[in-house]
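1. requesting a structural model of the entry that follows:
(one chain, ligands or ions: 1)
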Amino acid sequence: MSFLGKEIRLNRLLHSETGRYLGVAVDQATARGIFDELMPIERKISEIVAGKPDGITMHKGIAEKCFAKHAGKTSLVLKASTFSPWQPNYDTQVASVNEAIRLGADAISMGCIVGGDDQPEQLRNLGEIADKASAAGLPLIAHIYPRGNQIPDHEQNDWKNVAYAVRAGAELGVDIVKTKYTGSPKTFEKVTASTPGKVVVAGGEIKGGVESYFQAVKDVLDAGGAGITFGRFAWNTENPTAIVKALSSIIHNDRTVKEALELYNELMYGNINV
Ligand SMILES: O=C(CO)COP(=O)(O)O
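-> Predicted structure coming up:
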């Protein structure tokens, strides 16, 4: 058991001063279909890394082609599973712990949808990768959501369902659980209280403006969350570097939403170099 390896990788992955996590994910093309904004992917990754996120999540083929020049600037998180536009509620494993180690990743991330008829299989897969990741000293992140076919759409944000998903991940040995924000700090506090581990949130489909996202991030932190892994909100915008820097100011420098917006506007429209 290489516990030291896991500790070293976690220290590289999480922000050294705050212990929080600002991740950006660019793994959506296979899961959700082609996005113009993820092309060319090399340029998009460079724009994201310029904002200094703690980690960037991608699939192995993209990592092999695009990540090497960013090593040392941010952590690679290898995505080990994907759903698809035709099967949005089933995450199938597509990469292994060995591949993550071979590619130099600081963590591996696995999707898992709970609340559906295939929950037993998806939990079994998560449990298996937890065993292998732990044996290799590799931190495990789970993208875990309550959106299986037994959960009606209007109950997918219900804190009890989100807390169930998060707790299931923690019980299986996941180090960082990524889930959805429940929409209010009061309900999200119950989610973070449901687990001893770190909880971060996804951005989801873009709804609302920059300010509402910054406010949600602040609320997640205030409710005991450890940060974010944002995809579309980070890269599906005019200036991913400015978005990541502004998010970082909230997560790592305790800036208010107003201050983060000022920074974002300066980066977008002013001439300052931060
Ligand atoms: O981690 C993520 C996808 O793997 C988050 O993506 P979104 O913010 O676009 O939901």
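2. from residue 57, how far off is residue 180?
-> 16 Å (Cβ to Cβ, to the nearest Å). No exception for glycine: its C-beta is placed from N, CA and C like everyone else's.
3. which of these two has more neighbours?
-> With neighbours defined as other Cβ atoms under 10 Å, residue 180 and residue 57 compare such that residue 57 has more, 26 against 22.
4. tell me the phi and psi of the more buried one?
-> phi -100, psi 130 (degrees, to the nearest 10).
5. from the stretch 101-250 of the chain, which residue is nearest to the ligand?
-> residue 231 (2.5 Å; Cβ to the nearest ligand atom).
6. return the residues in contact with the residue nearest to that residue when sequence neighbours are not counted.
-> Nearest non-adjacent residue to residue 231, counting by Cβ to Cβ, 6 or more residues apart in numbering: residue 25, 4.3 Å away. Listed by Cβ atoms under 8 Å, 6 or more residues apart in numbering, the contact partners of residue 25 are 56, 57, 58, 77, 79, 202, 229, 230, 231.
7. take those residues and lay them out in CSV including secondary structure, pLDDT and distance to residue 111.
-> Converted to CSV, the contacts of residue 25 look like this (DSSP: H, G, I helix; E, B strand; the rest coil; pLDDT from 0 to 100; distance: Cβ to Cβ, whole Å):
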residue, secondary structure, pLDDT, distance to residue 111
56, strand, 98, 17
57, strand, 98, 11
58, strand, 98, 14
77, strand, 99, 12
79, strand, 98, 8
202, coil, 96, 11
229, strand, 98, 12
230, strand, 97, 16
231, coil, 96, 12
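8. of these, just the buried ones, ChimeraX syntax please.
-> Listed next is the ChimeraX selection for buried residues among the contacts of residue 25, using 16 or more other Cβ atoms under 10 Å:
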select :56,57,58,77,79,202,229,230,231
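9. turn the contacts of residue 25 into TSV, columns for distance to residue 167.
-> As requested, the contacts of residue 25 are exported to TSV (distance: Cβ to Cβ, whole Å):
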residue	distance to residue 167
56	27
57	22
58	28
77	22
79	23
202	18
229	19
230	23
231	24
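10. hmm, who's touching stretch 252-262?
-> With Cβ under 8 Å, 6+ apart, stretch 252-262 has contacts from 15, 17-18, 20, 22, 210-211, 214-215, 218, 246-247, 249-250, 263.
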